[in-house]
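# Dropping a prediction and its sequence here:
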Amino acid sequence: MAKSKIKDLINIPEARREYFLAGNSTCQGCGLDMALRWAMKALGQYTVTISPASCSNVVTGVWPKSAPDWPWFNMAFAGATAAATGMKHGLITKGKGHYNVVVWAGDGGTTDIGLQGLSGAAERNEDIIYVCYDNEAYQNTGNQRSSSTPHGVVTTTTPYGKEQHKKNLPMIVAAHNVPYVATASVSDPMDLYDKFKKAKDIKGFRYIQILSPCPPGWRSEAKDTIQHAQMAIDCGIFPLYEIENGKLTLNGKSVRMHDKTKRKPLGEYFNKKNQGRFKKVDEEVLKVLQEDTDKWWAWIDRHLVYQEEAEL
Ligand SMILES: Cc1ncc(C[n+]2csc(CCOP(=O)(O)OP(=O)(O)O)c2C)c(N)n1
Ligand code: SF4
Ligand SMILES: [Mg+2]
């Protein structure tokens, strides 16, 4: 599928419309705000969102001054996917099965607290879209580490840098054999838009994880949000890919990055001058991160080769 261009969207009323209204209380440079705005341009008005405890819950505001211009339900942490499941079945019963039912969750609510419900719904192949906007910590409650916080990162609960490694949740979800799994980034809104457009038309469980910088938690400048999200792709630590019915493809600038020479040095991203959360990342930590990244790309590469052979 050819990638959409901004100019293509001018003639698409859904894409021109703003669903996540201006004046909401996200911080300057918030990645979740950008991700939600672009996702809704692709999903359109027949969408219902269920959101577990997170910044999303808070920044959407309190009725009648709430920012989402579509149905939005705040839900207890562990219950979002169960609520979405019930919502979808209820809508089908009411003759409204065409509504997209979307879980919009943070990385803490996904990789830790909501994982059981997510896994259950994925195993049942529920007809819902699960989105994890990944700001790599529990940001709403003041920046505690989650399973999605990368190795070496400083949070309030990992003051010397996180010892453990980032949980690779997209691959865990893919192991449930669901029809669609993808990663996206706020630095490539057209790729993000196209992935939501595609996901909308697929039946069954769909999962999209979006890298969404958080300036207060990342201890970065609001103006640099896009640059940081892009750098994570450029150095290969957050590849853009899709897994459709078990078939893995790379997207955007990640397409050629299984060639290691095309990736920027990890140290350019893990730089404490750009993101204060990297202040404990020294040469030793960088070496571990590089080994992890290389192993991950070796896995991706093997999988892509296998696909090419299988397609012959
Ligand atoms: C059961 C329960 N435990 C703790 C909380 C407090 N809490 C609310 S939002 C939040 C952080 C969620 O982190 P994440 O899912 O990553 O979303 P983010 O805040 O980063 O957007 C926490 C711990 C809660 N609401 N419910
Ligand atoms: S704390 Fe982070 S995720 Fe939450 S609104 Fe601010 S920038 Fe966005
Ligand atoms: Mg988070």
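Arrived safely. Ligands and ions are numbered 1, 2, ... in the order given.
# Can you mark which positions in stretch 166-180 are buried?
K166, K167, N168, L169, P170, I172, V173, A174, H176, V178, P179, Y180 (16 or more other Cβ atoms under 10 Å). All C-beta spots, glycine's among them, are computed from the backbone N, C-alpha and C.
# Run through the residues that contact the closest residue to the fourth one other than its chain neighbours.
Distance criterion Cβ to Cβ, 6 or more residues apart in numbering; nearest residue to L169, sequence neighbours excluded, is T111 at 5.1 Å. Contact criterion Cβ atoms under 8 Å, 6 or more residues apart in numbering gives C132, S146, S147, S148, K167, L169 as the residues in contact with T111.
# one more time with 10 Å
Counting by Cβ atoms under 10 Å, 6 or more residues apart in numbering, T111 touches 105, 118, 132, 134, 136, 146-149, 166-169, 172, 209.
# Okay, and which of these map to helices?
Members of the contacts of T111 lying in helices (criterion: DSSP state H): L118, L169, I172.
# Cross-check the contact I'm expecting between the second one and T110.
The reference is to L169. Yes - at 6.4 Å, L169 counts as touching T110 under the criterion of Cβ atoms under 10 Å.
# Now list whatever residues contact both of these two.
L118, C132, D134, S147, S148, Y207, Q209.
# Find the residue closest to the residue in the stretch 201-312 of the chain that ligand 1 sits nearest to in space, skipping its chain neighbours.
Relative to ligand 1, the nearest point of the stretch 201-312 of the chain is C214 (6.7 Å; Cβ to the nearest ligand atom). Leaving aside its chain neighbours, C214 sits nearest to N135 (3.9 Å; criterion: Cβ to Cβ, 6+ apart).
# So what sits opposite L211 in the bridge?
Per DSSP bridges, the residues bridged to L211 are D134, S185.
# give the contact list for it.
31, 35, 107, 133-136, 183-188, 192, 228-230, 232-233, 237-238, 240.
# switch the cut-off to 8 Å
Residues in contact with L211 (Cβ under 8 Å, 6+ apart) are G31, D134, T183, A184, S185, V186, S187, A229, A232, I233, F238.
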